[in-house]
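> Let me see the structure of the following:
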Amino acid sequence: MIQRTPIPQSVIDDIIARTDLVDLVAASGVKLIKSGREYQGLCPFHSERTPSFTVRPDMGFCHCFGCGAHETAIGYQMRVYGQSFIEVVKGLAWQAGVDLTDYVGRAEKPKVAPKPKIASRADEGARETETEKRRRRGQRMWQRGVRIEGTAAEVYLAQYRGIDRDLFLHNPVHRFVPDYEFWYRARDAKKPEAIWTGPALLTVMQYRDNRFAACHITCIDLDQPKGRLKLPAPDEDRDLNTKRVMGDPSTAAMRLGKPAFVMVGGEGLETTYSGMMVSGHSGWCSYSLDNLVGACLMDAKGDRHPYDGRRRLPSVVPDMARPGMIWPRECRERIFLGDGDTKDMPMLRAKLERGCRRAAQEGCKGRVAMSKPGTDFNSMILGAA
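Numbering: from 1, shown residues only. I've put the predicted structure just below:
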């Protein structure tokens, strides 16, 4: 019996270095688009509609920001084709011209070409079709809405959130539906079901070219102290997020004010409206903080967390290919709003710094405005009312 020695790590590294990762991924059916030093596409490991999968040939790995997958050429081949480690190593070694005779026998071309198992839609046209479907669903929801005067939406914003009626009452970006259905799929359920029906504030999100992008939904319960629905998950010990987005919000914004030279931007309409009242500036807002400041470069590491050395802060280096919310062209100074009651303040400040650096690279001025320590902008408004 022939005794084989384990494959040294140096040989594995040589195989990986000689394998063209971009060609490997593209050959599996993933459509890649070059963006700076990396390539982007739909993730093959999970279903998605907007690209979160990146390939870094200079670093020798691929990474998905959506599902967290992080693989070299060998790991990618194993996951996508369902092959064993030895099968992949022998196949890639044959392509790369690496001799494995002393370890697992002669490297050879696979007898049968494996078939890739791609989770997401690799075809760009299919992706656009799926995005359009989501946009149409959001647009149908938006078209159901009516003016907010005299509705629970007006009461929610004016009385429960303290927002000046002059800012929102005649703003066409808001509508109201009295019977929004909140759908939820429990862990063991085959289909989702409506677990709540009630009033909701609708806010339209638009791309820079004014096209409809998404419908932002805030579920209302005027029996709650702040007027927002509190809805426990029926199968878990947690409260559900009762703000939802229907459509494609990735680069879109909720236009709470007119474009101006100086503008504020925040996470959520309540924070942004409150920041507008405090500062006197116009404002646009995003549906999340990460979307407001845009993504960071994948290989850029953040500083060590000052309170927990085992963790790193988010990187402050922006990835200019993934901008998040796109501000109006007229805005040359962006004020990023930060809530002073955030539990992880170093994390918040790092992300806001990234937004400022992105603004600088786009030829604009970016700065941060924080609410009073221990409170948020909306609480400041409510305290002054």
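
> can you give me the strands for the stretch 101-250 of the chain?
174-184, 193-206, 212-219, 231-232, 239-240, 243-247 (DSSP state E, counting those that start in this stretch).

> and these, which is most packed in?
strand 212-219 (a mean of 24; mean count of other Cβ atoms under 10 Å). Using the backbone N, CA and C atoms, a C-beta is placed for each residue, glycine as well.

> Mind giving me the packing neighbours of that one?
Packing contacts for strand 212-219, counted by 3 or more Cβ pairs under 8 Å, 6 or more residues apart in numbering; DSSP states H and E, involve helix 124-144, strand 174-184, strand 193-206, strand 243-247.

> now the second one against helix 124-144, angle please.
On the basis of axes from the mean of the first three to the mean of the last three Cα atoms, to 10 degrees, strand 174-184 is oriented at 120 degrees to helix 124-144.

> Tell me which residues touch the residue lying closest to Lys243 once chain neighbours are set aside, please.
Closest residue to Lys243 apart from its sequence neighbours, by Cβ to Cβ, 6 or more residues apart in numbering: Thr218 at 5.4 Å. Neighbour list for Thr218: Tyr156, Ala200, Leu201, Thr203, Arg228, Thr242, Lys243, Leu269 [criterion: Cβ atoms under 8 Å, 6 or more residues apart in numbering].

> Can you name the residues bridging to Thr218?
Leu201, Lys243 (DSSP bridges).

> confidence score at it?
pLDDT for Thr218: 97.

> Check Leu269 too.
Leu269 is given a pLDDT of 95.

> From Leu337, how far off is it?
Leu269 sits 12 Å away from Leu337, going by Cβ to Cβ, to the nearest Å.

> related to what we said a few turns ago, is it possible to export the strands of the stretch 101-250 of the chain to CSV including distance to His63?
Converted to CSV, these look like this (distance: least, Cβ to Cβ, whole Å):
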stretch, distance to His63
strand 174-184, 31
strand 193-206, 28
strand 212-219, 26
strand 231-232, 34
strand 239-240, 29
strand 243-247, 25
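
> how about these, which one is nearest Phe261?
strand 193-206 (20.2 Å; Cβ to Cβ).

> what pLDDT, on average, does the closest one get?
On average, strand 193-206 scores 96.
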